[in-house]
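Undergrad: mind folding the following:
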Amino acid sequence: MRNKNSFIIASAVAIFLTIFLYALLHHLEFDSIANIIPLVIPIVAALFIFNASRFYKHRSYDRKLWFLFAIGMIFWFLGEVVWFYYESMLAIYPFPTFGDVFFVLGYCFMIAGLLLYFKLLKDFISLKNTIVPLIFAIIAAIIVSKLLVFPILMSTEYDFLSKLFSTSYLILDFTILVIGFVLIRFSSRAWGIVILSFMFITIADIIFAYIDWFGLYSAFDVLLNNLWLIGYMLLAVAAQKQKLIFLNHKLFDR
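TA: As a prediction, this is how the structure comes out:
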C-alpha cells in the first residue's frame with residue numbers, strides 16, 4: 001500500500017511541477033524555453049509507455065495495447081514538433097498545418113489499441129453493463145454537436161481544413177472516451193487514469209475548437225497546453241501503474 005501511495009504522490013508532484021514550470025516560464029516571458037516543454041513531455045511519455053509494454057508477454061493483448069499507445073504518443077510528439085516549428089520558429093499561427101495529420105494519426109493508434117482490448121473483453125461486455133457510458137456519450141455528443149460542431153461546420157468564415165480538423169478531433173475524442181468507459185469496468189485501476197488522461201485531452205480539444213473558432217487562442221494558450229500536458233503525463237502514469245500491478249501479480253504468483 002505504501003508503494004502504491006508513493007507512486008501516486010510522486011506522479012502527482014511531477015505533473016504539478018511540470019505545469020507550474022510551464023506556466024511560470026510563460027509568466028516570466030521565457031516563451032522560447034517554455035515552448036520546449038510540450039516537445040519533451042510527449043516523447044518522454046512515449047518512452048515510459050513503451051517501457052511498460054515490454055514487461056508483458058510477446059504478442060499479448062496488453063503488450064499490443066500499450067505499444068499502440070506508445071506509437072500514438074510518438075505521432076502526437078511529431079505533431080507538437082510541427083506546432084513548435086510554426087509557432088516559435090516561423091511566428092505563424094500553427095493551425096491548421098500538416099502537423100494536424102500527425103495528431104490525427106496519433107488518435108487512430110490510440111483507438112486501435114482500445115479496439116484491440118475491446119476484442120479481448122467482448123465476451124464479457126453486454127448492453128446492460130455499457131448502457132450508462134453510452135447514454136453519457138450520446139448526451140455529451142448531442143450537446144457538443146449542437147453548441148460547437150454544427151456551428152463550426154456551418155460557419156462561412158472558417159476554412160475547410162480548420163473545419164475538418166476541429167471536428168475530427170472532437171469525434172475522435174468522444175470515440176476514445178466511449179470505448180474507454182465501456183472497458184473501465186473490466187480493467188484494472190490503472191484504466192481509470194487512462195480515462196482521466198483522455199478526459200483532459202478532450203476538454204482541451206473542446207476549448208481549442210471553441211476559442212480557435214473565435215480567434216482567441218493566444219489568450220488561452222497556457223491553459224490549453226497545460227491540459228494537453230496533463231493528459232500526456234497521465235497516460236504515461238497509467239502505463240507505469242499497470243506495469244506495477246502486473247509485476248506485483250507475478251511476484252505474488254511465485
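
Undergrad: and the nearest residue to Tyr56 once chain neighbours are set aside, what pLDDT?
TA: Once flanking residues are discounted, Tyr56 sits nearest to Arg63: 3.8 Å by Cβ to Cβ, 6 or more residues apart in numbering. C-beta coordinates here come from the backbone N, C-alpha and C atoms, glycine included. The model reports Arg63 with a pLDDT of 87.

Undergrad: Arg63 contacts Phe50, correct?
TA: No. With contact defined as Cβ atoms under 8 Å, Arg63 does not reach Phe50; the gap is 10.4 Å.

Undergrad: give me the common contacts of those two.
TA: Common contacts of Arg63 and Phe50, defined by Cβ atoms under 8 Å, 6 or more residues apart in numbering, are absent altogether.

Undergrad: so the residue nearest to Tyr56 is in which element?
TA: Assigned by DSSP states H and E, Arg63 belongs to helix 61-84.

Undergrad: packing partners of that helix?
TA: If contacts are counted by 3 or more Cβ pairs under 8 Å, 6 or more residues apart in numbering; DSSP states H and E, helix 61-84 sits against helix 37-53, helix 99-121, helix 217-253.

Undergrad: Pro38: what's it in contact with?
TA: Tyr22, Glu80, Trp83, Phe84, Asn225, Trp228, Leu229.

Undergrad: swap the cut-off to 10 Å and go again
TA: Counting by Cβ atoms under 10 Å, 6 or more residues apart in numbering, Pro38 touches 22, 76-77, 79-81, 83-84, 87, 225-226, 228-229, 232.

Undergrad: of the residues you listed, closest to Gly215?
TA: The closest of those to Gly215 turns out to be Glu87 (Cβ to Cβ; 15.3 Å).

Undergrad: could you count how many residues lie near that closest one?
TA: For Glu87, the neighbour count with other Cβ atoms under 10 Å is 19.

Undergrad: contact partners for it?
TA: Asp31, Asn35, Pro38, Tyr93, Pro94, Phe95, Thr97, Tyr217, Asp221.
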